[in-house]
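1. Need the 3D shape of this:
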Amino acid sequence: MDMSVEQELESLFPNLKTSPYSIKSPFDPGYNCIAWAAGDSERWWEPDSWGYYYWPSEAPRTYSLEAYIRAFESLGFVECTDDSLESDLKKIAIYAVGFRPTHAARQMRSGFWSSKIGKSVDIEHTLEGLEGSFYGQVALIMRRHE
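-> Numbers count the residues shown, from 1 in each chain. Coordinates of the predicted model:
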């Protein structure tokens, strides 16, 4: 028997079993979490060394927090320490295992966070809902004025 999307999500992210989340889109392999956090649902963002995927020219093509910070800085984001909802700010969170980025989410007007899960669905969730062995922990928050 195939697992439901919810079962797959909860097996990858056990914290979702005890925190609120909802699925917001169907499966779509055309974009990923980094693109989604950047506001781009048309292409896949990744700092691959071959240049196959889109990556901002201002950011190094390495899988490092520094590269991801530079990519979001190219969109006007700056680092901050507060993940609370502020009406005039757009915020993103970058998850990492150690110093290797694994995921990015963007904050919604509801205060929940929105994520594209790989090639799968978009979900709204708490930051803690995706923390664990798969995506690691929230490594940093960035913000920009809307």
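2. going forward, measure contacts between C-alpha atoms and count neighbours the same way
-> OK.
3. can you map out the strands along this structure?
-> Under the criterion DSSP state E, the chain carries strands at the ranges 21-23, 78-80, 89-97, 100-107, 113-116, 122-125, 137-145.
4. Give the other helices and strands that the fourth one contacts.
-> Applying 3 or more CA pairs under 8 Å, 6 or more residues apart in numbering; DSSP states H and E, one finds that strand 100-107 makes contact with helix 33-38, helix 65-73, strand 89-97, strand 113-116.
5. give me that answer again for 6 Å
-> helix 33-38, strand 89-97, strand 113-116 (3 or more CA pairs under 6 Å, 6 or more residues apart in numbering; DSSP states H and E).
6. so can I have a markdown table of these showing mean neighbour count?
-> Shown next, in a markdown table, are these (neighbours: other CA atoms under 10 Å):
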| stretch | mean neighbour count |
| --- | --- |
| helix 33-38 | 24 |
| strand 89-97 | 22 |
| strand 113-116 | 26 |
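7. out of the ones you listed, nearest to residue 22?
-> strand 113-116 (9.5 Å; CA to CA).
8. Adjacent strands (with direction) for that closest one?
-> strand 100-107 (antiparallel), strand 122-125 (antiparallel) (DSSP bridges).
9. Quick one: mean pLDDT for the longest one?
-> Averaging the model's pLDDT scores along strand 100-107 yields 98.
10. Other residues contacting that strand?
-> The contact list for strand 100-107 (CA atoms under 6 Å, 6 or more residues apart in numbering) reads 33-34, 37, 64-65, 91-96, 113-115, 135.
11. rerun at 7 Å
-> Here strand 100-107 makes contact (CA atoms under 7 Å, 6 or more residues apart in numbering) with 33-34, 37, 63-65, 90-96, 113-115, 135.
12. about what we covered before: wait, which of the helices and strands packed on strand 100-107 is closest to residue 20?
-> Using CA to CA, the helices and strands packed on strand 100-107 put strand 113-116 closest to residue 20, at 10.8 Å.
13. This completes my enquiry, with thanks.
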